[in-house]
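Visitor: model this:
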Amino acid sequence: MTNLRNADDIILLACSEIQLQELVDRLERVIRKYALLINVEKTKVMTTRGSSCSIDINNMLVEVVSSFPYLGSLTTDDAECTKDIRGRLAKGLGTGAKLKKTWQNHGIRISTKIRLMKALVWPVAMYGCDSWTLNKDDEKRISAFAMKCLRKVLRVSWTAKRTNEWVLETAGVSKSLLASVKEMKLAYYGHVLRKKGDCLEK
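Guide: Reported below is the predicted structural model:
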């Protein structure tokens, strides 16, 4: 596989700078036949393992970046997922904030609010989680996010001295978000292992 395509976005994959330059030159030659041009300002290059790279398009150097967002996920040159996880959890909190009137509505049962939270907020935060690499801090961050969501649903102020155990007991749930993330990671891992032959994921 040498490239990933989505709408007007193209990601070129190469093992060396020479291979990448050849792919970019080939792409440029082909799209010129259709009267198209590559926007150099929007084109970025990212390398792994700290290696340097110098790619040009029409004698203009392409900017080298350490990270870039693609299809809702943040890809970094060190393959760490902490920044992506923080961003996803922030988007989840933003979605939860938009439902503030729902959380404050006394006419809706707590169990219904929790089901809404799991259906509307958690999927936003967990998008792409099957490919995350988790460390202990990331796991704590995910658990804290889940507790923050439950406290919003229960309308428990951050100044109120209520333990996480009290929140879980009142909500009638268990800590399940981190477990769901790990389950999805294992499912994806099994899916990749069952693929026949060699592939990029393996």
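
Visitor: Am I right that Asp78 sits in a strand?
Guide: No - Asp78 sits outside any strand when classified using DSSP: H, G, I helix; E, B strand; the rest coil, being coil.

Visitor: distance of it from Arg49?
Guide: Look at Asp78 and Arg49: by C-beta to C-beta, to the nearest Å, they are 9 Å apart. The way it works is simple: take the backbone N, C-alpha and C, and place the C-beta from them, glycine included.

Visitor: One more: Met184?
Guide: Met184 sits 28 Å away from Arg49, going by C-beta to C-beta.

Visitor: So Asp78 and Arg49 - more neighbours on which side?
Guide: Asp78 (12 against 7; other C-beta atoms under 10 Å).

Visitor: That one and Ser67, how far apart?
Guide: Distance from Asp78 to Ser67, by C-beta to C-beta: 9 Å.

Visitor: do Asn39 as well
Guide: 20 Å.

Visitor: Neighbour count: those two, which is higher?
Guide: Neighbour totals were compared for Asn39 and Ser67, and Ser67 leads with 14 against 9 (other C-beta under 10 Å).

Visitor: quick one, strands of this structure?
Guide: 3-6, 9-12, 44-45, 56-57, 60-61, 63-64, 67-70, 73-76 (DSSP state E).

Visitor: Looking at those, which is nearest to Arg194?
Guide: strand 3-6 (21.7 Å; C-beta to C-beta).

Visitor: export stretch 84-91 as CSV, just CAs?
Guide: Output of stretch 84-91 as CSV, limited to C-alpha atoms (Å, rounded to 0.1, in the frame of the first residue of the first chain):
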residue,chain,number,x,y,z
ASP,A,84,-5.1,12.3,20.5
ILE,A,85,-6.8,11.0,23.7
ARG,A,86,-6.8,14.4,25.3
GLY,A,87,-8.4,15.9,22.2
ARG,A,88,-11.0,13.2,22.0
LEU,A,89,-12.0,13.5,25.7
ALA,A,90,-12.2,17.3,25.3
LYS,A,91,-14.6,16.8,22.3
